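J.: here's a sequence, model it:
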Amino acid sequence: MPFINDDFMLQSETAKHLYHDFAEDMPIYDFHCHLSPQEIAEDHEFENATELFLGGDHYKWRGLRAMGYPEDLITGDAPAEDKFKAWAETVPNTIGNPLFHWNALELKRYFGIDEILSEDNWKEIYDKVNTKLRDEKLTARQLIKNSNVTFICTTDNPFDSLEYHKQIAEDDSFDVDVVPGFRPDGAFKAGEQAFVDFLAKMEEANGIHIDSFAKLMESLEDRIKFFGEHGSHVSDHGLKVLAYADSTEEEVEEIFQKAAKGQALTELEYAKFQSALLVELMKIYKREDFVFQIHFGAIRDNSTRMFEKTGFDSGLDSINDQGNVAEALNRLLDAADKTDELPKTIIYPLNPTYFDLVATTLANFQGNEDGQKSRCQLGSGWWFNDTKYGMLKQFKSYAEAGLLMNFVGMLTDSRSFTSYTRHEYFRRLFCDYIGDLVERGEIPNNDALLEKLITNVCYNNAVNFFYDEEKTVEIGK
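T.: Purely as a prediction, here's the structure:
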């Protein structure tokens, strides 16, 4: 029997029924990823299996480094065949790591390969993948279509021109919605040179001279509306820590002026600036009907030596910890909710020890007059949590503190066009989790109830959370 068989990860008859009858054929609504809009617009053709599987995939790079391979074989200029061979030699050693499952799923779903990649078969598999890439024209768009994706939200700077999103939207030959995700991380770099650089790029993008905190907010709102004109209703924020501190307008302005000159901030000054900026952005998101997302708890670029070699986003990050997360998050959400300006919100803690904390906090702010179901959500396991352990922990935290029936489900958070198999992984684990509860007698074995739960979490909830139901009912199952 092939390792990736029909019932992979499904441990009960109920789980198999839930997956095959309700989840397996649901389309994918990918509301957060790092795919290149340029590669989608230009329908990028991959040169070889190395570029497809290893280009930009920092999860795999970490595995290669753990095997002791030189950086030249990872992010360097070594020949493509040598890099793929190194990865093939690594794969059998990833047992217990989700990389083992992900790689097997990628080979099976996109290339029909049932073998486990290894040092013994790497050349045969390398050649087979390359032949299929060429003969079946498995371009960026074709891989998206083969994955049954209906919607993609990329990650984009506020000052981006969005020219490739415009190009995609005007191309009638591609019917997948690809919209930009508003990611203003540069605005949160106050106290660093990166903040000064961000202001300059924003001024160049829309001509608004940013000489005050008020002008910063005006500029950001202008770009949020610009993103909205390109079909977006999605924001995202990557924060190292989640801090909150009250401040006056005068204090925030003084802090802005320091930051605009490239001066360093104290910890308290930064907390006040971050808090004020987030609250004002939340108010704009509420007005413009944008979903407010926060990923927090990553400590980045930790190896100075390797960072100097490889740069950003190369697999040098890890889970961060901090104190007072509960107080900071409650106060932040309350600051917007006091005036009924809290938007739809999804919070993703990278540290799994915060799942229960975040889930119970979000339950405080579900009340709304818009009829929005679970407007505040604990996001799916992401980054180091899109694993079996992380996903199951997230399911349990969400279910026990919220309404699992309303959960918006999985996102890809990846730069790889073959990583849509992670949605399958998520769905298999979710069906196995629910199937186990049914088998234990903790959930009724009622097909109508179970079908609604599975299809909601796999697809329909995401569609209806990010866009109005009447716009999407036709593409939901």
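J.: run through the residues that contact Leu333.
T.: 342, 345, 361-362, 364-365, 376 (CB atoms under 8 Å, 6 or more residues apart in numbering). Just so you know, the C-beta spots here come from the backbone N, C-alpha and C atoms, and that holds for glycine as well.
J.: what is the three-state secondary structure of it?
T.: Three-state call for Leu333 (DSSP: H, G, I helix; E, B strand; the rest coil): helix.
J.: against Lys189, how distant is Asp197?
T.: Relative to Lys189, Asp197 is positioned 8 Å away (CB to CB, to the nearest Å).
J.: break the protein into its domains for me.
T.: By the assignment in the TED database, the chain contains the domains 45-138, 142-184+223-243+273-473.
J.: what is the burial count for Ile152?
T.: Using other CB atoms under 10 Å, Ile152 is surrounded by 23 other residues.
J.: I should have written Asp175 there, sorry.
T.: 8.
J.: now do Asn157
T.: Asn157: 18 neighbours (other CB under 10 Å).
J.: isn't it up against Arg183?
T.: Yes: the pair Asn157 and Arg183 passes the contact test of CB atoms under 8 Å, sitting 6.4 Å apart.
J.: give me the PyMOL select line for the contacts of Leu333, limited to the buried ones.
T.: To isolate the buried members of the contacts of Leu333 in PyMOL, using 16 or more other CB atoms under 10 Å:
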select buried, resi 342+345+361+362+365+376
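J.: turn the contacts of Leu333 into CSV, columns for pLDDT.
T.: Converted to CSV, those look like this (pLDDT from 0 to 100):
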residue, pLDDT
Leu342, 98
Thr345, 98
Thr361, 98
Leu362, 98
Asn364, 97
Phe365, 98
Cys376, 98
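J.: can you list the contacts of Leu333 in TSV and add secondary structure?
T.: TSV is the format used below for the contacts of Leu333 (three-state DSSP):
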residue	secondary structure
Leu342	coil
Thr345	strand
Thr361	helix
Leu362	helix
Asn364	helix
Phe365	helix
Cys376	strand
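J.: find the nearest non-adjacent residue to the most centrally placed residue in the chain, please.
T.: The residue lying closest to the centre of the chain (CA atoms, centre = their mean) is Asp413, at 3.0 Å. Nearest residue to Asp413 in three dimensions, chain neighbours excluded: Trp382, at 5.0 Å (CB to CB, 6 or more residues apart in numbering).
J.: with Gln372 instead?
T.: That would be Lys344: by CB to CB, 6+ apart, it lies 6.2 Å from Gln372.
J.: wait, doesn't that neighbour sit right on Tyr467?
T.: No: assessed by CB under 8 Å, Lys344 is found out of contact with Tyr467, at 11.0 Å.
J.: how many neighbours does Thr155 have?
T.: 20.
J.: ok, it - contacts?
T.: 32-34, 181, 183, 236.
J.: who wins for neighbours among those?
T.: His32 (25 neighbours).
J.: which residues of the stretch 301-450 of the chain fall in strands?
T.: 318-319, 345-349, 376-378 (DSSP state E, counting those that start in this stretch).
J.: do you know which of those lies nearest Val252?
T.: When those are compared by CB to CB, strand 345-349 sits nearest Val252, at 22.2 Å.
J.: show me what that closest one is packed up against.
T.: strand 292-296, helix 325-337, helix 355-362, strand 376-378 (3 or more CB pairs under 8 Å, 6 or more residues apart in numbering; DSSP states H and E).
J.: for those, which one ends up most surrounded?
T.: When neighbours are counted by mean count of other CB atoms under 10 Å, the highest per-stretch mean among the helices and strands packed on strand 345-349 falls to strand 376-378, a mean of 27.
J.: neighbouring strands for that one, and are they parallel or not?
T.: Using DSSP bridges, the strands paired with strand 376-378 are strand 345-349 (parallel).
J.: contact partners of the strand it pairs with?
T.: By CB under 8 Å, 6+ apart, strand 345-349 touches 282, 291-297, 325, 329, 333, 355, 357-358, 362, 365, 375-380, 382, 408.
J.: likewise stretch 100-112?
T.: So stretch 100-112 is contacted by 2-4, 53, 59-60, 91, 94, 113-117, 125, 128-129, 132, 138, 143, 146-147, 418-419, 421-422, 424-425 (CB under 8 Å, 6+ apart).
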